[in-house]
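Peer 1: Need the 3D shape of this:
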Amino acid sequence: MNTEIPEAEALYGDLLRGVKALMRDDTRLVGITSGGAWLVERLQKDLGLAGAPGVISSAMHRDDFARRGMSASAQTVLPFDVNGADVLLLDDVLYTGRTIRAVLNELFDFGRPACVRLAVLVDRGGRELPMAADFAATRLTLPAARSLALARADDGAFSLQEEASS
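Peer 2: As a prediction, the model looks like this:
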């Protein structure tokens, strides 16, 4: 059981290699707000892809929307036709699967993609729904009382922050 929090920049290098392996000629990258959106912004640049990446929010489809409310930064922007698209979702941490379920509902509000795959920086297990990443830069186990999230410094460098869940 790996519980040491890995260095995020090293994991990003692994994620970049994994995403390259998953890419097809027509793949569209879509980052889940906010950590996934930061990842997809950098991946789009590092992969030399033209155009803007997509950003998708889980806010409107979360099963805990009444408790969490809507984030001011949680806006879905998909600069391509979703119908028939090959979509590669990016997120920082995969845990229960609830965010992915909500994001899939949001994505299908925009159309019917041909294929949806998932790549994450960290898969921490603990699934409550049957969701799996096609690629995870690392897998680790943390107690349920701990949360893990991606942070981005002013210079764009990534770090992983562990904190007690509320």
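
Peer 1: Show me what the biggest helix by length in the chain is packed against.
Peer 2: The longest helix of the chain (DSSP state H) is helix 8-22. Applying 3 or more C-beta pairs under 8 Å, 6 or more residues apart in numbering; DSSP states H and E, one finds that helix 8-22 contacts helix 35-46, strand 86-94, strand 115-123, strand 135-139, strand 158-164. From N, CA and C alone the C-beta is placed, and that goes for glycine too.

Peer 1: what sits up against it?
Peer 2: The set of residues that contact helix 8-22 without belonging to it, under C-beta atoms under 8 Å, 6 or more residues apart in numbering, is 29, 39, 42-43, 46-47, 88, 90, 117, 119-122, 134-138, 150, 157-160.

Peer 1: Next, the angle strand 158-164 makes with it.
Peer 2: For helix 8-22 against strand 158-164, the angle between stretch directions is 110 degrees (axes from the mean of the first three to the mean of the last three C-alpha atoms, to 10 degrees).

Peer 1: pLDDT weak spots in this protein?
Peer 2: In the prediction, the chain carries residues with pLDDT under 70 at positions 1-2, 62, 64-74, 164-166.
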